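Chemist: Below are the sequence and a predicted model for it; my questions follow.
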Amino acid sequence: MSKRKFDRPVLIAEDAGDDYPSSVRVWCPFCVAYHYHGKCNKEGIIDKRLEGHRVAHCHNPDSPFHNGGYYIILPKSAKNAAFKERSRI
Ligand SMILES: [Zn+2]
């Protein structure tokens, strides 16, 4: 993800906790709720492609995420992106 440009909003995913061990969650400001996304492939193994584009699970009909979804990234990638951005200044 190092030099990738995002054409959709980016949400930072976090582990969904023990109740949803095969999922991550992102906070949606339009639903004021978490959206859950699977992190495992069909064999139950954590998918290396966890980060990427997702279809929005918004229950708010006015959410702009319905128009093209969003990207989810892990905190580590977000930190790296922020560091690179600061380094350019
Ligand atoms: Zn939403």
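Modeler: Looks like it arrived, so ask away. The structure displayed is predicted, hence computed values, not measured ones.
Chemist: For the closest residue to Tyr70 other than its chain neighbours, give me its contacts.
Modeler: For Tyr70, ignoring the flanking residues on the chain, the nearest one in space by CB to CB, 6 or more residues apart in numbering is Pro9 at 4.5 Å. No exception for glycine: its C-beta is placed from N, CA and C like everyone else's. Residues near Pro9 by CB atoms under 8 Å, 6 or more residues apart in numbering: Pro64, Phe65, Tyr70, Tyr71.
Chemist: in the chain, what spans have low per-residue confidence?
Modeler: For the chain, the stretches with pLDDT under 70 are 1-4, 40-49, 81-89.
Chemist: could you redo the last one with a cut-off of 50?
Modeler: Residues of the chain meeting the criterion pLDDT under 50: 1-2.
Chemist: What ranges does it have for its strands?
Modeler: 10-12, 14-15, 23-28, 33-38, 52-54, 70-73 (DSSP state E).
Chemist: I figured Lys39 hits Pro21, correct?
Modeler: No - assessed by CB atoms under 8 Å, Lys39 is found out of contact with Pro21, at 9.1 Å.
Chemist: So for those two, which sits in the more crowded spot?
Modeler: The neighbour count for Lys39 versus Pro21, taken as other CB atoms under 10 Å, is higher for Lys39 (22 against 11).
Chemist: quick one: the more buried one from the ion, how far?
Modeler: 18 Å (CB to the ion, to the nearest Å).
Chemist: Across the sheet, point out what pairs with the spatially most central residue of the chain.
Modeler: Against the mean C-alpha coordinate of the chain, by CA atoms, centre = their mean, the closest residue is Ile72 at 1.8 Å. Ile72 has these beta-bridge partners by DSSP bridges: Leu11, Gly52.
Chemist: picking up where we left off before, among the contacts of Pro9, name the buried ones.
Modeler: Buried residues within the contacts of Pro9, defined by neighbour count using 16 or more other CB atoms under 10 Å: Phe65, Tyr70, Tyr71.
Chemist: What is the nearest of these to the ion?
Modeler: Phe65 (5.6 Å; CB to the ion).
Chemist: The closest one contacts Trp27, correct?
Modeler: No - counting by CB under 8 Å, Phe65 sits too far from Trp27 to count as a contact (12.0 Å).
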